[in-house]
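**Student:** Fold the following and give me the result.
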Amino acid sequence: MSRPTGEGEDGPRFPTSLGTSTASTITLLGEDLANDLMGSVGLTELAYRLVTLRTPTAGQVRMLDACLLALADHGFTPTAIAARLTYLSAPDSVQGAMAAGLLGGGSRFLGVTEDCGQFLHGVIDGLGSVPTTPGQWDEAARDAVREARAHQRIIPGLGHPVHKRLDPRTPALVTIATEEGCYGPHLALFEAIGRVHPEFLGRTLVLNGAGVVGAGLADLGLPVKLLRGFALVARAVGLLGQLAEEERMPVGMDTYLFVERHAEFVDPARLPAARPASPEDTSERQQPEETEESEETGEG
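**Tutor:** Coordinates of the predicted model:
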């Protein structure tokens, strides 16, 4: 159990700036939930306020809403399939099905939002001064790409397994950020990386919309350590839609039966003998080969 931060007259104290309640009232962020917030504050604005303890501008709300919409659903992704199959197995557990989908949000799917935001934030923190012109941003981007390549790291948010020519979310988000005065250093750096990375890779990869979301969320002043949480909030809405569609047009059973009927036994004697992984093995697996696939980050 967490330790209370102090002792009051009546015992331990657990301070909070979020929600409290009495026998007849509910207070959220110091305001009356029923009389001050309900019907006046939208869920997107509330999410911003709960995390930052600041009231966003209308433009910030529009930008955050666009970011959440961009991540809500992307078709039959592993997160959606996991939710549907769990719902097939346990139709009495909607929470279990949604949790299964959310738990699949990681480094390959959804996680690129946080990975990209943190990467960009780290680069910007290391700059002596923030660039003010596209040319200066391009030089900062070249340094960032060069550094990542030197350490055999990929650039989060570059490339998409489906959208090879253009991720349609990218220009839409940049336009909204510009219109609402929310275009900041993270988006500027990410766009610059999009311009200069072909010099190093010898080919052009799209700016993944989920990575643009990470840059946009960081420019909104949201904590970069929590960016994946916003991606999960967005995907929770999409997963609920996936479960509703599973009720209307179920595919879970067909998916399960297709895999089951095409399962093929492989004699363990034909497989290489398993051995404990050494630190060298682990290090080698974490270093991407110079292939197009290894440069591309996952779906958002």
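
**Student:** Got phi/psi on residue 26?
**Tutor:** The phi/psi pair for residue 26 (degrees, to the nearest 10) reads phi -130, psi 130.

**Student:** avg pLDDT for stretch 190-209?
**Tutor:** What stretch 190-209 shows for mean pLDDT is 95.

**Student:** again, but for stretch 235-253
**Tutor:** For stretch 235-253, the mean per-residue pLDDT is 97.

**Student:** Give me the buried positions along that stretch.
**Tutor:** Buried residues in stretch 235-253, counted by 16 or more other CB atoms under 10 Å: 235-236, 238-240, 242-243, 246, 251-252. Where C-beta positions appear, they are placed from N, C-alpha and C, glycine not excepted.

**Student:** Kindly report the same for stretch 126-141.
**Tutor:** Of the residues in stretch 126-141, 131, 137-138, 140-141 count as buried by neighbour count, 16+ other CB under 10 Å.

**Student:** who's in contact with that stretch?
**Tutor:** Contact partners of stretch 126-141, identified using CB atoms under 8 Å, 6 or more residues apart in numbering, comprise 123-124, 185, 188-189, 191-193, 195-197.

**Student:** So what's the gap between it and the chain middle?
**Tutor:** Taking CA atoms, centre = their mean, to the nearest Å, the mean C-alpha location of stretch 126-141 is offset from the chain mean by 25 Å.

**Student:** Looking at stretch 90-106 now, give me its mean pLDDT.
**Tutor:** For stretch 90-106, the mean pLDDT works out to 95.

**Student:** Between the two ends of that stretch, how far is it?
**Tutor:** By CA to CA, to the nearest Å, the extent of stretch 90-106 from end to end equals 23 Å.

**Student:** That stretch: which residues count as buried?
**Tutor:** Across stretch 90-106, burial judged by 16+ other CB under 10 Å covers 97-102, 104-105.

**Student:** Repeat that for stretch 17-30.
**Tutor:** Using 16+ other CB under 10 Å as the burial criterion, the residues of stretch 17-30 that qualify are 27-29.
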